[in-house]
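Asker: make a model of this:
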Amino acid sequence: MNLQQLRYIHEVARRGLNVSDAADALFTSQPGVSKQIRLLEAELGVEIFARHGKRLVAVTEPGRAVLAIAERVLRDIDSLQQVGDEFANEAVGSLSIATTHTQARYVLPRVVRDFMLRYPQVKLSLHQGSPRQVCEMVLDGTADLAIATEAIAEYDELVMLPCYQWNRCIVATPRHPILKEHPLTLEAIARYPLITYDDAFTGRGQINKAFLGRGLKPNVVLSAIDSDVIKKYVEMDLGIGILARMAYDPEEDRRLGMVDAAHLFESSTTRIGLRRRAWLRAYVYAFIEGFAPHLPRRMVESALAGGGSDPGL
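Answerer: Residues are numbered from 1 along each chain as shown. A predicted model of the protein is given here:
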């Protein structure tokens with residue numbers, strides 16, 4: 001058994017059991033990957049993958065256990081390499097962040113700017129996706145940390161660190177009657193066509209819950225995955241928008257009026273998600289604290305080690 005074999009089975013599983021794609025990703029040949037997998041299975045005395053002819057069609061039950069252990073081993077090897085990098089040059093490296101559009105567009109710019117000024121030799125990359133996608137990016141090693149509102153709580157493999165709470169506002173064309181509703185009510189909002197987030201994004205669950213609790217069925221005529229798209233269609237007067245409050249800027253959004261709706265919906269909590277027991281470079285802790293000052297390194301380390309997963313806001 002060797003690390004190369006563990007890398008092969010891990011990559012094959014990641015690539016949907018496509019041995020050719022795995023071989024390309026690992027810069028080797030398909031027959032070589034297949035041979036090493038067979039050798040590992042023979043040594044372990046179990047089949048990791050079920051086959052139909054020469055094609056892999058499923059992961060076996062013992063294969064799932066083998067893959068879980070292989071993933072942990074490979075992560076530990078990666079951590080060992082990072083330890084060396086850390087002490088060789090603590091201010092050089094890379095940081096990959098997976099997040100949603102709203103966070104990347106409206107919350108992270110200041111944090112990213114300050115981080116890049118402090119660590120100019122760290123290569124920073126942002127990956128955008130749905131909350132579930134960004135969590136998966138952390139779990140498969142594409143990203144070092146996830147920043148999202150939903151979904152992180154659904155992954156036991158991730159440590160959850162709460163960063164801040166936020167709520168919603170209503171946006172509409174400047175003369176729209178909804179802007180004159182005082183006090184603003186869910187009943188008033190439900191009278192108009194609504195444009196808001198897709199079910200998988202940015203606190204949509206709290207929106208649905210609020211209307212359901214009042215026995216109302218909102219007329220959602222358009223849903224989108226990011227705030228800019230919502231605002232664009234509201235500008236076209238196709239409906240009123242329910243938007244994350246952070247995504248409304250009076251200067252940039254002068255063609256829209258806004259009324260706060262925090263009293264109508266439960267607050268949402270944006271969290272950072274990290275792989276359990278991950279080893280992080282010093283500058284990763286610095287980024288986290290820059291984004292959420294109440295999360296110093298000692299608190300994050302305690303959560304990663306199993307000393308608590310939600311320190312609170």
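
Asker: residues contacting Pro62?
Answerer: By Cβ atoms under 8 Å, 6 or more residues apart in numbering, Pro62 lies in contact with 44, 46-48. Heads up, the C-betas are built off the backbone N, CA and C, glycines and all.

Asker: tell me how far it lies from Ala278.
Answerer: Distance of Pro62 to Ala278, computed by Cβ to Cβ, to the nearest Å: 27 Å.

Asker: so what sits opposite the closest residue to Asp144 other than its chain neighbours in the bridge?
Answerer: In this structure, Asp144 finds its nearest non-sequential neighbour in Ser96, 5.1 Å apart by Cβ to Cβ, 6 or more residues apart in numbering. Beta-bridge pairing of Ser96 under DSSP bridges involves Ser125.

Asker: burial of Ser96, as a residue count?
Answerer: By other Cβ atoms under 10 Å, the residues close to Ser96 number 17.

Asker: of the contacts of Pro62, which is the most crowded?
Answerer: Ile48 (23 neighbours).

Asker: quick check on the closest residue to that one other than its chain neighbours: phi, psi?
Answerer: Using Cβ to Cβ, 6+ apart and skipping residues adjacent in sequence, the residue nearest Ile48 is Gly63, 3.7 Å away. The phi/psi pair for Gly63 (degrees, to the nearest 10) reads phi -60, psi -40.

Asker: how close does Gly63 sit to Gly32?
Answerer: Where Gly32 is concerned, Gly63 sits at a distance of 20 Å (Cβ to Cβ).

Asker: what does Leu222 give?
Answerer: From Leu222 to Gly32 the distance is 50 Å (Cβ to Cβ).

Asker: so Gly63 and Gly32 - more neighbours on which side?
Answerer: A direct count of neighbours by other Cβ under 10 Å for Gly63 and Gly32 places Gly63 higher, at 21 against 14.

Asker: name the helix or strand for Trp169, please.
Answerer: That one is not Trp; residue 169 is Cys. In this assignment (DSSP states H and E), Cys169 forms part of strand 168-172.

Asker: what about the strands in the chain?
Answerer: 49-52, 55-59, 93-99, 122-128, 145-148, 158-166, 168-172, 194-197, 220-224, 240-244, 257-260, 268-275 (DSSP state E).

Asker: adding distance to Thr28 and mean pLDDT, write those strands out as CSV.
Answerer: Listed next are the strands of the chain as CSV, based on distance: least, Cβ to Cβ, whole Å; pLDDT from 0 to 100:
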stretch, distance to Thr28, mean pLDDT
strand 49-52, 17, 91
strand 55-59, 16, 92
strand 93-99, 24, 94
strand 122-128, 26, 95
strand 145-148, 30, 94
strand 158-166, 31, 93
strand 168-172, 50, 97
strand 194-197, 43, 95
strand 220-224, 42, 94
strand 240-244, 45, 95
strand 257-260, 56, 97
strand 268-275, 26, 92
